[in-house]
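Participant: just need the structure, nothing else, for what follows:
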Amino acid sequence: MPEPGARAAAAAVAEDFRDLPDAPRAPGPPDGPIGWAGYDAARAAAARRTGEAESVVCGTARIGGRDVVLVSFEFGFLGGSLGERTGDLLAAAHHTARERRVPLVSLLATGGSRMQEGMRALAQLQRLTAESARTRAAGLPQVAVARDPTTGGGWAVLGAGADVVLAVEGAQIGFAGSRVRPPGADPAAYTARAQYAAGHVDAVVAPDELPARLARLVALLAPPHPLAPAEPPGSGTTAPPELLPRSGWEAVTRARAAGRPRADAYLDAYFDVREPVSGDRCGGTDPGTLCGFGSRAGRTVAYAAQRGTRTTPAGYRTAARLIRLAGRLGVPVLTLIDTPGAANGPEDERAGAGPAIAEVFTAVATSPVPVTGLLVGEGGSGGALALAPPGNTWAVPDSYFAVIAPEGAAAILKRTPDEAPATADQLRPRPQDLAALGVTRGTVGPVVSALRQDGAHE
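Facilitator: Numbers count the residues shown, from 1 in each chain. Predicted coordinates:
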């Protein structure tokens, strides 16, 4: 089924849509800036067919009760291509978003730059990248919805260049359009699902689910945001001594227990609603790392959570991306730390494990917004420490933090495997040890019993 036109697409997601005022424009040279024969006639035919004067309509709108600037592409108008006039309209949309301090939402359906305007059309990508950078510097979110199709420079600049990207299920998405791909190229690589698997879009959404998902996302990202730190789950109370592990080895075994709560349980208990941010934008995803934005008592908090697996380079890059985005938007961050360590196989080294971990350390250290950490399980060396903000990390009783796993420490010290428990005690990894050493601020209490699964450590 063909994608709806620009105004139908806007009406599907917005409660109200009103065109931006269209400034008068002097007529250009016949058949456009490079004199492409028949261009004026093609534009006139496209206008009659679609009822639009250009390949994009721009306006102010309300989505989920929030004011936004909404951009919607009309693919029926010369393939939704970008020309100079398209650039004028999109630049005006960015200016209006900054002037009104509201999110910019783009409903894309484009084949790329308009051939009939030559390099004057292609140069719009540079112009719009600069506009996007100004909007980003103003601390305003940009959300893109990749409809069918979204290809060429429109995908590269307007889609992939947005802060959060939703892809419509079944949409054709990629830099190469269907007529310019290499011979024999697998068409499945140029789809919404493929782009999601490669970490280039945040979610794939069915058309009938798009209005609700977009409304939740806009509500979470729209300014203003209070700058106070996020309170970790269970904050305000201290875990009673009887809940704490008696030895270092007990702390390790409890953190590794299959039945203890994981990040999903903490996030579900903490947030009223949340929307994911997925992918490192470098070709990878990590299902063991959950990132996104959630609402708690009407307040938006960003989260980056490890799920107890070894974190891959893609996971670290996704977390760094999330923390940097939260900093630009002025949203406080909550991290949940739980990993035996960074993934360290040959494929992880080739994917840049060290640089990816460094990205997270840097993102946390330079964040302009408060970052709060909660150790909810294993704290395995630097792979866990990267997500633990210094001076503002807490721990739950079923957790430990160590410079290295006790088995690894025993091996390095040339001890036998059965000496790992004693080595664990020497490492002082218990939650109460971490507080005494100044690594954490303390051990939180009631949230543990509230989230404890049946039979775990009873």
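
Participant: pull the number of nearby residues for A53.
Facilitator: A53 has 15 neighbouring residues, counting by other C-beta atoms under 10 Å. Just so you know, the C-beta spots here come from the backbone N, C-alpha and C atoms, and that holds for glycine as well.

Participant: how about the secondary structure of it?
Facilitator: Classification of A53 by DSSP: H, G, I helix; E, B strand; the rest coil places it in coil.

Participant: can you count the residues close to the residue nearest to it when sequence neighbours are not counted?
Facilitator: Closest residue to A53 apart from its sequence neighbours, by C-beta to C-beta, 6 or more residues apart in numbering: A47 at 5.8 Å. Around A47 sit 14 other residues, with neighbours defined as other C-beta under 10 Å.

Participant: any idea which element A47 lies in?
Facilitator: Secondary structure from DSSP states H and E places A47 in helix 39-50.

Participant: now what about that helix, what contacts it?
Facilitator: Contact with helix 39-50 is made by 5-6, 30-32, 52-53, 74, 76-78, 116-117, as judged by C-beta atoms under 8 Å, 6 or more residues apart in numbering.

Participant: so of these, which ones are in helices?
Facilitator: A6 (DSSP state H).

Participant: which among the contacts of helix 39-50 end up buried?
Facilitator: Neighbour counting with 16 or more other C-beta atoms under 10 Å marks 5-6, 31-32, 52, 74, 76-78, 116-117 as buried within the contacts of helix 39-50.

Participant: one step back: list the buried residues for the helix holding A47?
Facilitator: 39-40, 42-43, 46, 50.

Participant: what's the very next helix or strand once past it packed up against?
Facilitator: Where DSSP H and E defines the elements, the next helix or strand beyond helix 39-50 is strand 56-63. Contacts defined by 3 or more C-beta pairs under 8 Å, 6 or more residues apart in numbering; DSSP states H and E place strand 56-63 against helix 6-13, strand 16-19, strand 66-73, helix 84-100, helix 210-221.

Participant: check contacts around the nearest residue to R296 once chain neighbours are set aside.
Facilitator: In this structure, R296 finds its nearest non-sequential neighbour in F271, 5.5 Å apart by C-beta to C-beta, 6+ apart. The neighbours of F271, taking C-beta under 8 Å, 6+ apart as the test, are 294-296, 301, 303.

Participant: quick one: the contacts of helix 39-50 as JSON lines, columns for distance to T237 and pLDDT too.
Facilitator: Below are the contacts of helix 39-50 laid out as JSON lines (distance: C-beta to C-beta, whole Å; pLDDT from 0 to 100):
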{"residue": "G5", "distance to T237": "56", "pLDDT": "92"}
{"residue": "A6", "distance to T237": "53", "pLDDT": "96"}
{"residue": "P30", "distance to T237": "76", "pLDDT": "92"}
{"residue": "D31", "distance to T237": "73", "pLDDT": "95"}
{"residue": "G32", "distance to T237": "69", "pLDDT": "94"}
{"residue": "E52", "distance to T237": "59", "pLDDT": "96"}
{"residue": "A53", "distance to T237": "62", "pLDDT": "95"}
{"residue": "E74", "distance to T237": "56", "pLDDT": "97"}
{"residue": "G76", "distance to T237": "60", "pLDDT": "96"}
{"residue": "F77", "distance to T237": "60", "pLDDT": "98"}
{"residue": "L78", "distance to T237": "62", "pLDDT": "97"}
{"residue": "Q116", "distance to T237": "67", "pLDDT": "97"}
{"residue": "E117", "distance to T237": "64", "pLDDT": "97"}
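
Participant: now, the most widely separated pair of the contacts of helix 39-50?
Facilitator: Using C-beta to C-beta, the contacts of helix 39-50 reach their maximum pairwise distance at G5 and P30, which is 28.2 Å.

Participant: below-threshold pLDDT in the protein: ranges please.
Facilitator: For the chain, the stretches with pLDDT under 70 are 1-2, 234-236, 446-458.

Participant: tell me the centre residue of it?
Facilitator: Geometric centre of the chain, nearest residue: V277, 2.8 Å, by C-alpha atoms, centre = their mean.

Participant: got the contact list for it?
Facilitator: Counted by C-beta under 8 Å, 6+ apart, V277 has contacts 164, 202, 291-293, 318, 321-322, 325.

Participant: out of the residues you listed, flag the one nearest to Q172.
Facilitator: D202 (18.1 Å).

Participant: quick check: phi and psi on the closest one?
Facilitator: D202 adopts backbone torsions of phi -90, psi -30, taken as degrees, to the nearest 10.

Participant: and what of V301?
Facilitator: phi -130, psi 130.

Participant: on that earlier part again, so how far is the helix holding A47 from its chain's centroid?
Facilitator: 39 Å (C-alpha atoms, centre = their mean, to the nearest Å).

Participant: check stretch 356-363 too.
Facilitator: 16 Å.

Participant: give the buried residues for that stretch.
Facilitator: So, applying 16+ other C-beta under 10 Å, buried residues of stretch 356-363: 356-357, 359-361, 363.

Participant: restricted to helices, list those residues.
Facilitator: 356-357, 359-361, 363.

Participant: dump these to TSV, plus distance to T150.
Facilitator: Listed next are those as TSV, based on distance: C-beta to C-beta, whole Å:
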residue	distance to T150
A356	28
I357	33
E359	27
V360	30
F361	34
A363	28
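
Participant: sorry, back to before: quick one: which of the contacts of V277 is most hemmed in?
Facilitator: T318 (31 neighbours).

Participant: for the helix or strand where that residue lies, packing partners?
Facilitator: For T318, the enclosing helix or strand under DSSP H and E is helix 313-329. Packing partners of helix 313-329 (3+ C-beta pairs under 8 Å, 6+ apart): strand 289-296, strand 299-306, strand 333-339, helix 353-365.

Participant: the same query, at a cut-off of 10 Å, please.
Facilitator: helix 124-137, helix 210-221, strand 289-296, strand 299-306, strand 333-339, helix 346-350, helix 353-365, strand 371-380 (3 or more C-beta pairs under 10 Å, 6 or more residues apart in numbering; DSSP states H and E).
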